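[1] Sequence and computational prediction follow.
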Amino acid sequence: MISNDLVSNISSFMLLFFLILWGGCFFIFVYRYLGGPKVGKDSLLYFNYIFFKRDALSNYALVFLVLGYIAAAIAEYRREANNLFLISNLCGGISFVLFAIYGKFFHQRLTDDEKPFYFIKVFLTKADLSFGSIFLWLSRIAYVTWLIVFIGN
């Protein structure tokens, strides 16, 4: 079904555009940094790379991921016009950004980014009360808020 809503069409196009750019970053990551596909591990290692490395490709990938997520939230809002869904989806995007700020600048341990589930382990199990962990805790709160609204409706 074709929509006549210009904002919805533009946000859907922007979502597609940012996902293609994000996929391009993934392609570059797999062939430049991994040396080829690692079946079953490459996508998880890509998230480790996005959240914990501080080079240009990881920063571009994070920006494309968050902008694509925001474009998807706007497209979903235009489709259903539910303010609660918009706020919760924006909380999900903010959660990505906060976790990346924590991982890129405040994560104090040696980053074991060769393990596929490292970013999940840090997100779920890291518990300290340093200044930088504020970003981790805010990321968790934003993610739980998104999850509660998503499951609740």
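    Good, I have the coordinates.
[2] Sticking with the most centrally placed residue in the chain, tell me its helix or strand.
    The centroid of the chain falls nearest to Phe96 when counting by Cα atoms, centre = their mean (4.2 Å). Secondary structure assignment for Phe96, by DSSP states H and E: helix 83-101.
[3] other SSEs contacting that helix?
    Applying 3 or more Cβ pairs under 8 Å, 6 or more residues apart in numbering; DSSP states H and E, we find helix 83-101 packed against helix 42-52, helix 56-80, helix 133-152. To be clear about C-beta, it is placed using only N, CA and C from the backbone, and glycine gets the same treatment.
[4] between the last one and helix 83-101, how many degrees?
    Translated: helix 133-152. 150 degrees (axes from the mean of the first three to the mean of the last three Cα atoms, to 10 degrees).
[5] Could you do the longest one as well?
    Interaxial angle, helix 56-80 versus helix 83-101 (the same axes, to 10 degrees): 170 degrees.
[6] Please renumber the chain so that the first residue is 21 from this point on.
    With the count now opening at 21, the last piece we talked about shows up as helix 76-100.
[7] In helix 76-100, which residues are buried?
    In terms of neighbour count (16 or more other Cβ atoms under 10 Å), helix 76-100 has its buried residues at 77-78, 80-98.
[8] Now Leu87. Nearest residue, chain neighbours left out?
    With Cβ to Cβ, 6 or more residues apart in numbering as the measure, Phe38 is the residue that lies nearest to Leu87, at 4.8 Å, once sequence neighbours are left out.
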